[in-house]
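Student: fold the following.
(2 chains)
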Number of protein chains: 2
Amino acid sequence: MNRCRMVFSGSGGQGVITAAIILAEAAVLYEDLMAVQSQSYGPEARGGATRTDVIIWDSEIHFPKANEPNVLVCLTQEAYNKFYAIIRPGGLLITDIRYVKIERKVDARQIELPMYQKVMEKIGKPIVFNICMLGVVVGLTQVIKSESILKALKDRIPPSFLEINTQALELGVAMGQEPRL
Amino acid sequence: MNRCRMVFSGSGGQGVITAAIILAEAAVLYEDLMAVQSQSYGPEARGGATRTDVIIWDSEIHFPKANEPNVLVCLTQEAYNKFYAIIRPGGLLITDIRYVKIERKVDARQIELPMYQKVMEKIGKPIVFNICMLGVVVGLTQVIKSESILKALKDRIPPSFLEINTQALELGVAMGQEPRL
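Tutor: Numbering: from 1, shown residues only, chains lettered A, B, ... in the order given. Presented below is the predicted three-dimensional model:
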């Protein structure tokens, strides 16, 4: 899948914007794709749910917002309540079990994962929760290679943080690729 | 001026994207305005100049990219060479004296400032160069209040970094507000 409209949502401190920027940079710098990454803030932004859009495409992109995303990630209940309905029919809705209780039925594949819990168990640093989420997205969709994410991470973060970021990415990829019924 | 289309450009490590996000958040959270902030990456992104767009508006925004920005900031020669021509006639073109040699004539107010040099002299930490730049933009345009930027900074950065960020912001605002011929 080399064309993907994605929305990552959560609360301010969860790093969804950073994750989106890293994904967009990785796609462009290491996979010869195009990407647009944006935040749109209106009155609803004051409510507390952060939303960031990433579009990855194999040709020029003329639409900056991922209306009806193929992939929607919700990392808080508030983000889920606000955004669940925008998922494209047949799309992929990813939530974190710790933060989101699935209450609505949507015409999408709903995947609940213990991302936060696994990050805390295996790495113990909540700061890489967003990178684990990115691993899950890449593991599930194969929109780009996880190696490209790793290269983009290397460009951006200090060497001392690379190890835990790599672990978080691999943890996420493994969760995303786990066989499901 | 409560309506402004801005483009910040520079190299990857200069923090222009972070500055743009902070500005957009400040406008929305503390001034009741709307904002869109985006990065668009195409083949040209591989060249090395980072570009980020911020639009601040007093009503809903239907255009995500700041084509013909009112305010264009260029923090590297490469960014200047690539983007100088997109400035809106009558707009404001801000460059850093250390990094950019002005070589072209544009129909805009050109303001060259020693932002990097002042940051190093007064604070000694290059990491807050982007916040000084943000201060300059706010000081020159009054698009939002610098107090709103400060509030947004407080939301995002650890208390131990707040002092140097506040200094950098104030330094920038003072440079932006200096009388000019």
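Student: distance between stretch A:100-112 and the chain's centre?
Tutor: Here stretch A:100-112 is found 16 Å from its chain centre; the criterion is C-alpha atoms, centre = their mean, to the nearest Å.
Student: what about that stretch, start to end distance?
Tutor: End-to-end distance for stretch A:100-112: 8 Å, by C-alpha to C-alpha, to the nearest Å.
Student: please apply the same query to stretch A:53-66.
Tutor: 6 Å.
Student: same question for stretch A:70-84.
Tutor: Terminal residues of stretch A:70-84 lie 12 Å apart, using C-alpha to C-alpha.
Student: touching chain B at all, that stretch?
Tutor: No - counting by C-beta under 8 Å from any C-beta of the partner chain, chain B has no neighbours in stretch A:70-84; the shortest distance is 15.5 Å. C-beta: built from backbone N, CA, C; applies to glycine.
Student: got the contact list for that stretch?
Tutor: Stretch A:70-84 is contacted by residues A:4-11, A:14, A:16, A:44, A:47-51, A:86-88, A:91-96, A:99-102, A:104, A:106, A:108, A:129, A:133, A:136-137, A:140-141, A:143 when judged by C-beta atoms under 8 Å, 6 or more residues apart in numbering or on different chains.
Student: for chain A, what lies in contact range of chain B?
Tutor: Checking chain A against chain B by C-beta under 8 Å from any C-beta, the hits are A:12, A:17, A:21, A:24-25, A:27-29, A:34-43, A:45-46, A:60-61, A:64-65, A:155-156.
Student: for the helix or strand bottoming out on mean pLDDT in chain A, packing partners?
Tutor: One helix or strand of chain A scores below all others by mean pLDDT, DSSP states H and E: strand A:34-41, with a mean of 88. Judged by 3 or more C-beta pairs under 8 Å, 6 or more residues apart in numbering or on different chains; DSSP states H and E, strand A:34-41 is in contact with helix A:16-31, strand A:50-57, helix B:16-31, strand B:34-41.
Student: wait, which of those is closest to A:M175?
Tutor: helix A:16-31 (15.1 Å; C-beta to C-beta).
Student: now the angle from the closest one to strand A:34-41?
Tutor: 170 degrees (axes from the mean of the first three to the mean of the last three C-alpha atoms, to 10 degrees).
Student: and helix A:16-31, what's its mean pLDDT?
Tutor: The pLDDT scores in helix A:16-31 average 94.
Student: A:N165 against A:I131, yeah?
Tutor: Yes - between A:N165 and A:I131 there is a contact under C-beta atoms under 8 Å: 5.1 Å.
Student: which of the two has more neighbours?
Tutor: Remark: of A:N165 and A:I131, A:I131 carries more neighbours, 29 against 25, as counted by other C-beta atoms under 10 Å in any protein chain shown.
Student: helix, strand or coil for that one?
Tutor: helix (DSSP: H, G, I helix; E, B strand; the rest coil).
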